[in-house]
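Undergrad: here is a sequence together with a model predicted from it:
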Amino acid sequence: MQLSSRGLVLLILMLVPVFGSGMGDSYTMTFSDGAAPQGSVLSVSFSFEHSAPTGVQGFSFGVCHDTTVMTLEPEGSPTDFDYVVDWASTVEEIKLGGPPDFFQQNEEFGGWTVGCVICFTSCDVLTGGTYTFGSANYRLDGPIGTITSVGLCSTLGTPPVSSVAVVQGASMPMNSIDGEIEILEQPPVLFQFTAPEQRVNYNPIDGEATFDVTLTITEDSSNSTYPTPTQGFSMSISSDPIYITPTAASTTGPVAASNPAFAQEQITSSGWMIGVVYAFQVPVFLEFPTETDAVEISGSTVASALIGDGIGLFVPLHWESLGTPPIHNVVTVNNGSITPILDDGHLELHPQTIKDFKRGDSNGDGVVNVADAIWSLQEIFNSGSPGTCFDAKDSNGDTLYDIGDPIWLITYIFSSGPAPPTPGPVECGNDGEPQDCEIYNAC
């Protein structure tokens, strides 16, 4: 423990008990009890109570814990006032509303120590009462069911720091009410797989429609390891084969961006399955702290089942294990499989002779922005991928698809030009017959 010369003198005084008028008074440090899951961090608060009529001029103490089951996690860096622990304002402003004249804290093997002189000239003292001093963070590393404690000790440092309060120049021993700490079983880490509720418009004349659906993963923020690094996952989801034909499944969003080492789909007549492993050798982890796009599944309607159906219906998107051997819905964490909460969705098969669309949405993603202008320029001049809804690409509504459409869109987006005409770029709609729109699934 490195101290200034003044600090060394102070601690020497604190280490040598001096009997004084404070001997009949009480000086107690109380630590909070707590319980937390194995591997998590527990905050232990501590408060100081004394009854010395003349006040406390300073203090020193050590706080011990069992290093075989707990690890102290310092609050900040050695240059911070809140270095070892998070000190309360009582301590931070202990001298006339400001910091003490001397304050030294050290992390030691088995705990931590502190020494404080409020004012070298006794210009201020800590009057009698009960004060919150701060809180220390401990990671619980021991076996489940362990019961241990945190409290004052006088064995830390060289020389050892005594746990005393200084009253009228005398060192008065502190009592310790230790905090009892219990290490609990790690609760299950919770994830959620979510399938959306999505409309699929079909023409009852031919019963045909296609769709893309995005499946998401979300981690419960109450998990003790949140956000938890995952190594991969598998998904398995079904629908009604009478009305739906599954066609494809692939990763999307951050999962696709990670370029996973393994992403294998399986398609059956009743559903979609996919297994994903981010990496096999070099560690690669993904987190899902908020609802995150993970997999896109595609399908089409069974035309014969919907021809002439002018009413429509709902068909389920139901999470269940499919395949032989079965593919289960799991998330992989620490080489183990965690079963997520499964939130089913549905497809609303909606009869619509005239398709709804958004004018200007050339790429069909449901959002009209600069990407649509770029899409149109690529399609018109560079043989880019063709959009599947002419009416959506016809941004200026003149029934032609040419350079005028991306120019109209750029003027609207960046120069406050007129919006694309009916149905407009924001809400889904149509402008009646005749219609030239083969596929538009964003409405």
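TA: Everything's here; your move.

Undergrad: and the longest strand belonging to the chain, what's buried?
TA: Counting residues, the longest strand found in the chain (DSSP state E) is strand 129-140. By neighbour count on 16 or more other C-beta atoms under 10 Å, the buried set for strand 129-140 is 131, 133-138, 140. Every residue, glycine included, has its C-beta placed from N, CA and C.

Undergrad: now the residue lying closest to Glu348 once chain neighbours are set aside: how far from Ala209?
TA: In this structure, Glu348 finds its nearest non-sequential neighbour in Arg199, 4.5 Å apart by C-beta to C-beta, 6 or more residues apart in numbering. Distance of Arg199 to Ala209, computed by C-beta to C-beta, to the nearest Å: 10 Å.

Undergrad: looking at the two now, which is surrounded by more residues?
TA: Ala209 (23 against 17; other C-beta atoms under 10 Å).

Undergrad: and the more buried one, how far from Gly299?
TA: From Ala209 to Gly299 the distance is 9 Å (C-beta to C-beta).

Undergrad: same question, Val368
TA: On the measure of C-beta to C-beta, Val368 and Gly299 end up 26 Å apart.

Undergrad: now swap in Gln192 and tell me
TA: 23 Å.

Undergrad: please apply the same query to Lys95.
TA: Lys95 is 72 Å from Gly299, by C-beta to C-beta.

Undergrad: which one's more surrounded, the two?
TA: Neighbour totals were compared for Lys95 and Gly299, and Gly299 leads with 24 against 20 (other C-beta under 10 Å).

Undergrad: and the gap between Gly55 and Trp87?
TA: 19 Å.

Undergrad: of those two, who's got more company?
TA: Taking neighbours as other C-beta under 10 Å, Gly55 and Trp87 compare with Trp87 leading, 25 against 19.

Undergrad: picking that back up, so how far is the longest strand of the chain from its chain's centroid?
TA: Relative to its parent chain, strand 129-140 has a centroid offset of 26 Å by C-alpha atoms, centre = their mean, to the nearest Å.

Undergrad: low-confidence ranges, the protein, go.
TA: 1-24 (pLDDT under 70).

Undergrad: let's see it at 50
TA: The model of the chain has pLDDT under 50 over residues 1-22.

Undergrad: ok, which stretches of it are helices?
TA: Using DSSP state H, the helices assigned to the chain run over residues 5-15, 89-92, 253-257, 303-306, 370-381, 390-393, 404-414.

Undergrad: deepest-packed of the ones you listed, please.
TA: helix 390-393 (a mean of 24; mean count of other C-beta atoms under 10 Å).

Undergrad: need the helices of the chain in a markdown table with distance to Asn363, can you?
TA: Formatted as a markdown table, these follow (distance: least, C-beta to C-beta, whole Å):
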| stretch | distance to Asn363 |
| --- | --- |
| helix 5-15 | 68 |
| helix 89-92 | 56 |
| helix 253-257 | 17 |
| helix 303-306 | 26 |
| helix 370-381 | 4 |
| helix 390-393 | 9 |
| helix 404-414 | 11 |
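
Undergrad: Ser270 is nearest to which of the ones you listed?
TA: Ser270 sits nearest to helix 303-306 of all the helices of the chain, at 14.4 Å, using C-beta to C-beta.

Undergrad: output the closest one as PDB, nothing but the C-alphas.
TA: Extracted in PDB, the C-alpha atoms of helix 303-306 (Å, rounded to 0.1, in the frame of the first residue of the first chain):
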ATOM      1  CA  ALA A 303     -53.200 -21.700 -56.000                       C
ATOM      2  CA  SER A 304     -55.800 -24.500 -56.300                       C
ATOM      3  CA  ALA A 305     -56.900 -24.000 -52.700                       C
ATOM      4  CA  LEU A 306     -57.600 -20.300 -53.200                       C
END
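
Undergrad: from the chain's centroid, how far away is it?
TA: With C-alpha atoms, centre = their mean, you get 44 Å for helix 303-306.

Undergrad: report the contact partners of the residue nearest to Gln435 when sequence neighbours are not counted.
TA: Spatial nearest neighbour of Gln435, chain neighbours left out: Ile354 (5.4 Å); criterion: C-beta to C-beta, 6+ apart. Ile354 makes contact with 430, 432-433, 435 under the criterion C-beta atoms under 8 Å, 6 or more residues apart in numbering.

Undergrad: out of those, which two sit at the greatest distance?
TA: Pairwise over the contacts of Ile354, using C-beta to C-beta, the maximum falls at Asn430 and Glu433, 8.9 Å.

Undergrad: just confirm Gln168 contacts Gly58, I think it does.
TA: No. With contact defined as C-beta atoms under 8 Å, Gln168 and Gly58 do not form a contacting pair (11.3 Å).

Undergrad: okay, the two: which has more neighbours?
TA: Gly58 (27 against 17).

Undergrad: and the gap between that one and Ser122?
TA: 10 Å.

Undergrad: what do you get for Glu108?
TA: 29 Å.

Undergrad: tell me which of the two has more neighbours.
TA: Neighbour count, other C-beta under 10 Å: between Glu108 and Ser122, Glu108 has more, with 19 against 14.

Undergrad: ok, and the closest non-adjacent residue to the more buried one?
TA: Distances taken as C-beta to C-beta, 6+ apart put Leu156 closest to Glu108, at 4.3 Å, once the chain neighbours are dropped.

Undergrad: how about the one you found, what does it touch?
TA: The neighbourhood of Leu156, defined by C-beta under 8 Å, 6+ apart, consists of 62, 64, 108, 110-113.

Undergrad: show only the entries of those residues found in strands.
TA: 62, 64, 108, 111-113.
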